[in-house]
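K.L.:
Kindly generate the corresponding structure for this input.
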Amino acid sequence: MSDRYFLWRSRMEDGYCIVKPPDVEDVWELDIGISRKHTFPADASCRMNPRYPKDIGLSDNLYGAGVPVISRKLKEVLENNLASDRVEYLPVRIIDHKGRVASGNYFILNPLDIRDCIDTEQSKVEWNSISPDRITTCENLVLKYGRIPQGQKIFRMKHWEYNILVLSDLVDVLNAAGMTGLVFRDIKGYNGIG
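P.N.:
So this is what the prediction gives:
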């Protein structure tokens, strides 16, 4: 196993805005990798959270939306490095605290590839009591690497789709590009919290 994966996360940073989830119907589909290319509204937006009125900066990976909301700069780096991975970039406007468009250069990152790669036994997963095909937590995330195409850079895990995994090579590229608001969590020791 040469590939190493990290979880895509956003980081709350002083001065940068925190946004609310996108104002689109069936927003849950963006959590589980359902394509929205043909049904995504042209006027989709995320509003800055009014609980943080002084935070108005725009990071490359906005915090608080529940889905990755990324800048054009971050999108371009991803496009240059994800030639074979199936990913949608759905345009979304950022609305400031006064109801004005702060930026029209943001996108929801929606990876479409879902891999059945969690070793549920070794991970000691806890299944959701309401949706029994969904994982709630685990003791320690363990992957079945043979079920992931060699070199796949970004994808979702079956049964835990809201978690997006990123190959270490891509993590290095994004870290070197100095993206703000973006952080990666090592899957080693991951139990579903944070």
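K.L.:
Would you state the helices of this protein in chain order?
P.N.:
72-81, 120-123, 168-176 (DSSP state H).
K.L.:
gap between the closest residue to Arg134 other than its chain neighbours and Thr39?
P.N.:
Leaving aside its sequence neighbours, Arg134 sits nearest to Asn128 (CB to CB, 6 or more residues apart in numbering; 4.1 Å). Any C-beta I mention is one placed from the backbone N, CA and C, and that applies to glycine too. For Asn128, the distance to Thr39 equals 26 Å [CB to CB, to the nearest Å].
K.L.:
do Ile154 as well
P.N.:
Ile154 is 22 Å from Thr39, by CB to CB.
K.L.:
When the two are compared, which one has more neighbours?
P.N.:
The neighbour count for Ile154 versus Thr39, taken as other CB atoms under 10 Å, is higher for Ile154 (21 against 12).
K.L.:
hmm, back to that, for Cys17, which of the helices of the chain is the nearest?
P.N.:
Across the helices of the chain, Cys17 has its closest neighbour in helix 72-81 (15.5 Å, CB to CB).
K.L.:
can you pull the buried residues of the closest one?
P.N.:
74-75, 77-78, 81 (16 or more other CB atoms under 10 Å).
K.L.:
swap in stretch 127-146?
P.N.:
For stretch 127-146, by 16+ other CB under 10 Å, it's 134-135, 137-138, 141-143.
K.L.:
what's next to that stretch, contact-wise?
P.N.:
Identification of contacts with stretch 127-146 by CB atoms under 8 Å, 6 or more residues apart in numbering yields 1, 3, 5, 117-120, 122-126, 157, 159-160, 187-193.
K.L.:
show me the contacts for Val24.
P.N.:
Counting by CB under 8 Å, 6+ apart, Val24 touches 30, 36, 40-41, 44.
K.L.:
The same query, at a cut-off of 7 Å, please.
P.N.:
40-41, 44 (CB atoms under 7 Å, 6 or more residues apart in numbering).
K.L.:
so how far is Met48 from the residue most central in space within the chain?
P.N.:
Residue closest to the mean C-alpha point of the chain, counted by CA atoms, centre = their mean, is Pro68 at 4.0 Å. Between Pro68 and Met48 the computed distance is 17 Å (CB to CB).
K.L.:
Ok, Pro111 next?
P.N.:
From Pro111 across to Met48, the span is 25 Å (CB to CB).
K.L.:
buried sites along stretch 91-108?
P.N.:
91-95, 97, 102, 106-108.
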